[in-house]
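Chemist: Got a predicted structure plus its sequence, pasted below:
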Amino acid sequence: MLDRELVAEVLTAARRKGGDFAEVFVEERSSTSIRLDDAKVEELTTGLDRGAGVRVAQGTTYGYAYSNRLDRDALLEAAAAASAALRGEAPGRVVDLTDRFGPGTNHAERAAGSVPAADKVAWLRDVDDVARSTSDEVVQVTGIYFDSLQRRLIAASDGRWIDEERPRIRLVAQVVAKRGDVIQTGWDGPAACAGVEFLDAHPPHVTAGRAARRAVTMLDSIPAPAGEMAVVVANGCGGVLFHEAVGHPLEADAVDKEASVYRGRVGERCASELIDGVDDATIANGWGSYDFDDEGEPSQRTELFREGVLQGFLQDRLRAAKMGVQPTGNGRRESYAHPPIVRMTNTNILPGSEDPDEVIRSTDRGVYVRGLGGGQVNPATGDFVFGVSEGYLIEHGEVTTPVRGANLIGRAIEVMSSVDAVGSDFETWEGVCGKDGQGAPVGSGSPTLRIARITVGGTGA
Amino acid sequence: MPDLGALVHSALEAAQEGEQVEAYAEEGRQTEVSALRGEVEGMQFAEARGLGVRVIRDGRLGYAWAADPSADEAQETVWRARDNAALAEPDEHNVLPAPEPFTPMPEIYRGESAAVSADDKVRMALDLERYTVSRDPRVTKVDLAQVGDAVARIAIASTTGVDVEFARTDAYVVVVTLAVEGEETQTGFSYAITRGLDTLTWEPVAEEAVDRAVGMLGASKPPTAKVPVILDPFAASSFLGVLAGALNAENVLKGRSLFADMAGQAVGSSVFTLVDDGRRLDGPGACPFDGEGVASGRTELFTAGTLNGFLHDTYTAHRTGDGQRSTGNAKRGGYRSAPGVGTSNFFVDAGDLSFDELLAKADGGVLIRDVSGVHSGANPISGEFSVGATGLRIDGGSTAEPLREMTIASTIREMLKGVAGVGNDLRFFSSVGTPSILIGEMTLAGV
């Protein structure tokens, strides 16, 4: 994208006041999105994005400047602006820029860019047809197809030079069902860093059917109960709980600011001994996977909990250097317009040994969570919420009436410590996580879990 | 680098017979500085520009965009949008607006704010953090202390004759504090937004962020109950996004609004008035025209509880028919997406009750100061919600001990019907605003 000589010149300019390192991030991204709504293909959008950001860092102080002009003048101007954040006087050096190669975590067999747009439109037609044929009570269907190809160049003053491509694909179905005055919605949206072969394994008609079934099922729902009770979280859904309750407070920037409930607790038991948890950016074609993070650190599988004992934090370069540990490859950014921050990738609770059906059978009374709408946490206090989009009552060991309008609320360490059953099944869920104004594609996964006691925030008895 | 007006006009040169073409361009510069532990934590400079093009041909809509295009690339963007249109399905309501007169709003551009130097911003951020951690012995650190400003320019031109440009400036201060007592940590948030850093007083922001964190120390989990609830402006503003979605005419037309078929009805309590006003100058969303060049205006969505109508752009107005006009509510999330219906300054109109009067009417209830998980816990289509909350118990007409780890749940319709009092303390949070609101009863879930 840019020649090495120019990048080296920009890095040298960025180190005019020294600092620990300087870094250039260049990005080109092409994207296609197609939206079907109200039984019509409403809009096709294609975009071409490009830009570059220059960062310099000293300790945990950084300066960042970006432009979407890639000419020499604009890049040198960005280097000068970014370096203004530092107080040092002695310029730093720039090591010869040398390629680093990754294992190809996100190989695309059939690049989305090589597929005619008409085929993509046809997938959305499938979504509409299948969702509407599921039930007469389906009144509205929205289908969204998205693909992008991001090419990134990361070069830094320590000589790293990384050129990596990341393909993304996602197909979302959102269905509205109506019976009398009752309106309910259902959603499904599998995603990966892959080519269109991903849709062979996750066909549009399956996604549409799932979303439609959820919406129609919820028409029979009663208001969720309110108060403390047992909650069984289906496989796939517990990953988001783990992401919110545990993942965010384990991000080293929160730890460094003393804004994490897990600060100073590595080596302590902070969750049930049934909990083994990891953050893993090396999963082939995972929605949160990559070869190198957005600082050019190799991706890895980071153990967070072993039998409930906290193993460590998620790190970027700045925080790792300050804490005297190795980076874990968790420095990510939404685009060239954002400095890297500590983020999760694919965050999973590993499967246990119990039969998931038995976990439900052994629960006398509670709520079964089978669909979720995401969550939010305050890392400093550990207070988190987790929205339930598809829930059911558990009565005498059986899943019975669907419930709506539920939210789970709890405190991270207490809730993770009260997990008393972990199933042998495992499923994943893909979402976009927001932090500091940046969106990051993240995966999460879990087996079936039971939380012995947590507050369910409904309105019913 | 061509100026924005020249850029949109060079794109229009690629328009062909029998099609409508609209070019939207924006450019902006931003600076942001945050301080931590007496040092600069981060300094960010941004400079960006881009173009988005809509092509409508035989009722088919295509969109394409490009970051910082040359004049040639601007024309290529039109070709790509045309290719995209060919694959979309025709919809007779896809039309571009005709030009209409609007009154410029020079007040939203304070050119001199751009003159606040980077060094001054660094000084301001450092002063802000130092002041914040000097207020209370339990607040010795911040999670965030940030100042920033931005200048943006926008130009829109179309083959239907729209040809408009404007500039705006924004400046803001954000503080998130950490209050610690024993093993417990609580956080407090506050922020302020104005047209320029030169007119921004940051001390009250720091003070409020300290007070809100310290006030939560010692919080406990309340019992599950149905109680009166006061939502303070921070908490109440979190629900405005859900209301905006339900009042979006596109959602109404497509059966995705809980207010569909309810225009003209008394949906809310008689003290509830909700307005969208793009010309209100003290709202950060003030703008002379919307994302497709239609003049901004004032739309009263609810008047004393009665639902008057919905927010429209050109498409939804045309599809609704019956003389419906765009309310000037076409919004863009930047040049990367086509316009859709959205809000400008969207606010609950102030009532006449002081905060103390609201407290007196909510005895035995709870003052909610923060809600979480609205994006996942509120369903904008069914109107049901359950969200995490923190706040203070109300006892004998004043606030008492802090509460955490609870949820409040209801439906949007029940909540609007249940509005029992509206405060006189209207406050804007970015482009949404609300005073404190008393709701007669909500389910609070805790122990």
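Modeler: Good, I have the coordinates.
Chemist: domain ranges for the chain?
Modeler: By default, I'm working from chain A. A:112-150+A:164-219, A:226-457 (automatic domain parsing).
Chemist: wrong chain, I was asking about chain B
Modeler: Recorded structural domains for chain B (assignment: automatic domain parsing) are B:4-214, B:219-447.
Chemist: still on that earlier bit, quick check: which of the domains of chain A is buried the most?
Modeler: domain A:226-457 (a mean of 22; mean count of other Cβ atoms under 10 Å in any protein chain shown). C-beta: built from backbone N, CA, C; applies to glycine.
Chemist: How about that one and chain B, any contact?
Modeler: Yes - counting by Cβ under 8 Å from any Cβ of the partner chain, chain B has neighbours in domain A:226-457: A:226-228, A:257-259, A:261, A:337, A:339, A:372-376, A:378, A:380-381, A:383-387, A:389, A:404-407, A:409-411, A:455-457.
Chemist: measure that domain end to end?
Modeler: 5 Å (Cα to Cα, to the nearest Å).
Chemist: got it, and stretch B:355-374?
Modeler: Span of stretch B:355-374 from end to end, Cα to Cα: 25 Å.
Chemist: for the record, mean pLDDT for it?
Modeler: Model confidence over stretch B:355-374, given as mean pLDDT, is 95.
Chemist: what does stretch A:218-230 give?
Modeler: pLDDT averaged over stretch A:218-230 gives 94.
Chemist: how much distance is there from that stretch to the middle of the chain?
Modeler: Taking the mean of its C-alpha atoms, stretch A:218-230 sits 28 Å from the chain's own mean (Cα atoms, centre = their mean, to the nearest Å).
Chemist: What is the helix or strand containing B:Ala420 packed up against?
Modeler: Following DSSP states H and E, one finds B:Ala420 within strand B:419-422. Using 3 or more Cβ pairs under 8 Å, 6 or more residues apart in numbering or on different chains; DSSP states H and E as the contact test, the elements touching strand B:419-422 are strand B:437-445.
Chemist: Please save the CA atoms from the strand it packs on in PDB.
Modeler: The C-alpha coordinates for strand B:437-445 follow below in PDB (Å, rounded to 0.1, in the frame of the first residue of the first chain):
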ATOM      1  CA  ILE B 437     -39.500  12.400  35.100                       C
ATOM      2  CA  LEU B 438     -41.700  10.900  37.800                       C
ATOM      3  CA  ILE B 439     -43.300   7.500  36.900                       C
ATOM      4  CA  GLY B 440     -46.200   6.500  39.200                       C
ATOM      5  CA  GLU B 441     -45.100   2.800  39.400                       C
ATOM      6  CA  MET B 442     -42.500   0.500  38.000                       C
ATOM      7  CA  THR B 443     -41.400  -3.000  38.900                       C
ATOM      8  CA  LEU B 444     -38.000  -2.900  40.600                       C
ATOM      9  CA  ALA B 445     -36.300  -6.300  40.900                       C
END
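Chemist: Contacts for that strand, please.
Modeler: Residues outside strand B:437-445 that contact it (Cβ atoms under 8 Å, 6 or more residues apart in numbering or on different chains): A:226-227, A:409, A:455-459, B:222, B:224-231, B:236, B:348, B:353, B:358, B:361-362, B:366, B:386, B:389, B:406-410, B:415, B:418-423.
Chemist: From chain B, how far out is the residue nearest to A:Gly296 when sequence neighbours are not counted?
Modeler: Leaving out its chain neighbours, the residue that sits closest to A:Gly296 by Cβ to Cβ, 6 or more residues apart in numbering or on different chains is A:Ile154, at 4.0 Å. Distance, A:Ile154 to chain B, using Cβ to the nearest Cβ, to the nearest Å: 18 Å.
Chemist: can I assume A:Ile154 is in contact with A:Glu297?
Modeler: No - the pair A:Ile154 and A:Glu297 fails to qualify as a contact (Cβ atoms under 8 Å) at a distance of 9.4 Å.
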